[in-house]
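# Any chance you can model this:
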Amino acid sequence: MKSQIDRRQFIQIGAVGCAACMLCSKVPSFGAVGGGSVLVSPGCRRTKVQVAKIYIGIDKCHWPKPTLDLKKEVAFYETQFDKTKDQLTDVDFVVDELVKSPAQVEKIKDKLQKVDGILLIHLTIGTQGIINKIVELGKPTMIFAAPYSGHEWVGFGGLRKEERGAKVDCILSSDYSQLAAAIRPFRAIHHLREAKICNLSTRDRSDYSASVKDKFGTRIKQVELDRMLKLYESISDEAAGQECNDWMKKAEKVVEPDRNEIFRSCKLALAFEKLLDEEDATVMTVDCYGTMYRKLPAFPCVGFTRLNDMGLGGICESDLRCAMTHIIIQGLCGRPGFISDPTVDESKNSIILAHCLGTRKMDGPDGPMAPYKLRTIMERQEGVVPQIEMRLGEKVTQGLLVGTDKILYFTGDIIEDPVTLKDDRGCRTKINVKVDGDVQTLWRNWSEGLHRQTCYGDITKDMARFCKFTGIEMINEAV
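All right, here's what the predicted structure looks like:
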């Protein structure tokens, strides 16, 4: 399988529920760049996720049974992988072998050092030596062990706790769909390493940029205003008009903004895509309330929403921490994050997450489009933002990468949205989230300012594996 991807071939699509992100060959037409986007989602620029798939077993072992045919066992697992192939089209199994001895590991050691992660599929007893040999390589390693695969599982807990096992985690299950889940943390690692963030700002963020590049490989490029303005002018009025019409047609209602305001916002949105295409980047952020305030032809909110809808990244206020968190979330679940300014309601054990930047495709690019209205920015009473109606009852995870070694998070359920809240206070898009845990504990533990990223689904298991492999501490602020 080729490890290089033509950027016109793939755009990440969100999976249903908590399934892993997927890729498909259909690229939606957005009119700005040659009739179709050439972009792919955060981190997935040209290369696939590099995974070593290693079956480990011993011939004629006593457990699960002496007559076990290892080739047939491998063939069975291959049928299970085939059932989840839609979740793995961005994965290249660069190593795919049945390993029966530690000596075989030595022969493929160089290949294993180059992968994003190693998936060990435990078949029989008597494989501890093989496991130890692979763990010693220090690569992120997931062990999948179905019932009866062997007795080695009794040591997996200890292995995870050992210093040498810092990059090992395990799934002990008869649910073979978890084979795809095991790869999610590798995908997030790959996304971060391949990602490039364009930051339209004059603020000096070189120290932060250096720290994330050093740990994760993520590149942050500062973009000059003059270049952005030239890109805006390069977008044809015809393309901007088509985009404007599409936004207005799909909206439930256009409340405050006039067509001219929406037109300029859409023209800037197409310019954002063109910039990311030229830079081979996947995430865009603007210092919109800082050094770039009122220096662009329009507020960037529509442009950010559009990029998030596409499976890329649009992050307001040059919030690079949220940009990094967005990439992690996209890698783990294929869905975008929703940035918010929170406010607390102890009477409902809830926290209201509000922002004027909403995303219409919270299920991912291939998911349904949420109902929305076109509104002005609440606190400015100008510009254009989509006011999104999110789904009631949806489980959500909120998180923030702080520095390079800590993620703050909590989970909860959406109990109210802009429709049920029925007020004009706070930002246009908002969700009231009943917290899993205690909201009083949450606000007392709260630190690091307002902005966080919130996505659909409970992704904490996948996030915990990613954090284990990257040396990041996860802190649940609500408990």
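# What residues sit buried inside stretch 142-159?
For stretch 142-159, burial by neighbour count (16 or more other CB atoms under 10 Å) applies to 142-146, 149-150, 152, 156, 159. From N, CA and C alone the C-beta is placed, and that goes for glycine too.
# how about the CA coordinates for it, as CSV?
C-alpha atoms of stretch 142-159 as CSV (Å, rounded to 0.1, in the frame of the first residue of the first chain):
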residue,chain,number,x,y,z
MET,A,142,-1.3,-1.2,21.9
ILE,A,143,-1.9,-4.9,22.8
PHE,A,144,-5.2,-6.5,21.8
ALA,A,145,-6.0,-9.7,23.7
ALA,A,146,-9.3,-11.5,23.2
PRO,A,147,-10.4,-14.0,25.9
TYR,A,148,-8.4,-17.3,25.9
SER,A,149,-5.5,-15.7,24.0
GLY,A,150,-3.1,-16.5,26.7
HIS,A,151,-2.2,-15.9,30.4
GLU,A,152,0.2,-13.0,29.7
TRP,A,153,-2.6,-10.6,30.5
VAL,A,154,-1.9,-11.1,34.2
GLY,A,155,1.2,-9.0,33.7
PHE,A,156,-0.2,-6.3,31.5
GLY,A,157,-1.2,-4.1,34.4
GLY,A,158,2.3,-4.2,35.8
LEU,A,159,3.8,-3.7,32.3
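# So what's the gap between it and the chain middle?
Mean C-alpha position of stretch 142-159 versus that of the full chain (CA atoms, centre = their mean, to the nearest Å) differs by 29 Å.
# can you check stretch 113-129 too?
Using CA atoms, centre = their mean, the offset of stretch 113-129 from its chain centre is 26 Å.
# got any ranges where the stretch 151-300 of the chain has weak pLDDT?
162-166 (pLDDT under 70).
# Next, work out how far apart V115 and K53 are.
10 Å (CB to CB, to the nearest Å).
# Need the residues touching each of the two.
The contact sets of V115 and K53 overlap at V95 (CB atoms under 8 Å, 6 or more residues apart in numbering).
# which residue ranges form the helices in the stretch 251-400 of the chain?
Ranges of helices within the stretch 251-400 of the chain are 259-279, 301-310, 320-333, based on DSSP state H, counting those that start in this stretch.
# Go through those helices and name the closest to I472.
helix 320-333 (9.3 Å; CB to CB).
# helices and strands around that closest one, which ones?
Counting contacts by 3 or more CB pairs under 8 Å, 6 or more residues apart in numbering; DSSP states H and E, helix 320-333 is packed against helix 184-194, strand 196-200, helix 206-216, strand 283-286, strand 313-315, strand 395-402, strand 453-456, helix 460-470.
# mind listing what F299 touches?
265, 288, 377, 380, 382-385 are the contacts of F299 under CB under 8 Å, 6+ apart.
# Inside strands: which ones of those residues?
Within the contacts of F299, residues falling in strands by DSSP state E are 377, 382-385.
# ok, back up a step: out of the helices and strands packed on helix 320-333, nearest to R335?
Shortest separation from R335 across the helices and strands packed on helix 320-333 is recorded for strand 453-456, at 4.9 Å, computed as CB to CB.
# Paired strands for that closest one, with orientation please.
Strand 453-456 pairs in its sheet with strand 338-339 (antiparallel), strand 395-402 (antiparallel), by DSSP bridges.
# Export the ones you listed to CSV and append columns for mean neighbour count.
Supplementary listing: the strands paired with strand 453-456 in CSV, determined by neighbours: other CB atoms under 10 Å:
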stretch, mean neighbour count
strand 338-339, 28
strand 395-402, 23
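# which stretch among the ones you listed comes nearest K71?
Taking those one by one with CB to CB, strand 395-402 is closest: 40.7 Å.
# and the closest one with helix 460-470, angle?
Counting by axes from the mean of the first three to the mean of the last three CA atoms, to 10 degrees, strand 395-402 lies at 20 degrees to helix 460-470.
# Helix 206-216 and strand 395-402, what's the angle between them?
Going by the same axes, to 10 degrees, strand 395-402 makes 110 degrees with helix 206-216.
# Heading C-terminal from strand 395-402, find the next helix or strand.
strand 406-416 (DSSP states H and E).
# Following the chain onward from that next one, which element is next?
Counting by DSSP H and E, the element after strand 406-416 in chain order, helix or strand, is helix 418-421.
# from the chain's centre, how far out does that following helix sit?
Taking mean C-alpha positions (CA atoms, centre = their mean), helix 418-421 and its chain are 27 Å apart.
# ditto for stretch 371-383
26 Å.
# Could you do stretch 237-245 as well?
For stretch 237-245, the distance to the chain centre is 29 Å (CA atoms, centre = their mean).
# for this protein, which residue is closest to the average position?
With distances taken as CA atoms, centre = their mean, Q330 lies nearest the centre of the chain, 1.2 Å away.
# So that one versus I459, what's the distance?
Plainly put, Q330 is 11 Å away from I459 if you go by CB to CB.
# how close does E389 get to V154?
Distance of E389 to V154, given as CB to CB: 50 Å.
# what's the answer for M248, then?
62 Å.
# which residues sit in contact with Y77?
So Y77 contacts 55, 121, 176, 179 (CB under 8 Å, 6+ apart).
# in the sheet, who's paired with the second one?
Right, the one you point to is I121. Applying DSSP bridges, one finds that I121 bridges with Y55, F144.
# okay, now it: neighbour count?
Neighbour count of I121, defined by other CB atoms under 10 Å: 23.
# in terms of contact, does it touch I54 like I think?
Yes: with contact defined as CB atoms under 8 Å, I121 reaches I54; the gap is 7.0 Å.
# Going by secondary structure, L450 is in what exactly?
Using DSSP H and E, L450 falls within no helix or strand.
# which parts of the helix or strand hosting A75 are buried?
Secondary structure assignment for A75, by DSSP H and E: helix 70-83. Neighbour counts using 16+ other CB under 10 Å place 70, 73-74, 77, 80-81 of helix 70-83 among the buried residues.
# mind giving me a markdown table with those residues and columns for pLDDT and distance to T218?
As requested, the buried residues of helix 70-83 are exported to a markdown table (pLDDT from 0 to 100; distance: CB to CB, whole Å):
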| residue | pLDDT | distance to T218 |
| --- | --- | --- |
| L70 | 95 | 41 |
| E73 | 95 | 39 |
| V74 | 97 | 36 |
| Y77 | 96 | 33 |
| Q80 | 96 | 33 |
| F81 | 96 | 29 |
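# hang on, the earlier thing: I'd like the helices and strands packed on helix 320-333 as TSV, with distance to D363 appended.
Formatted as TSV, these follow (distance: least, CB to CB, whole Å):
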stretch	distance to D363
helix 184-194	17
strand 196-200	24
helix 206-216	26
strand 283-286	20
strand 313-315	16
strand 395-402	12
strand 453-456	6
helix 460-470	16
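# Nearest to K361, out of the ones you listed?
Counting by CB to CB, K361 lies closest to strand 453-456 out of these; the figure is 10.4 Å.
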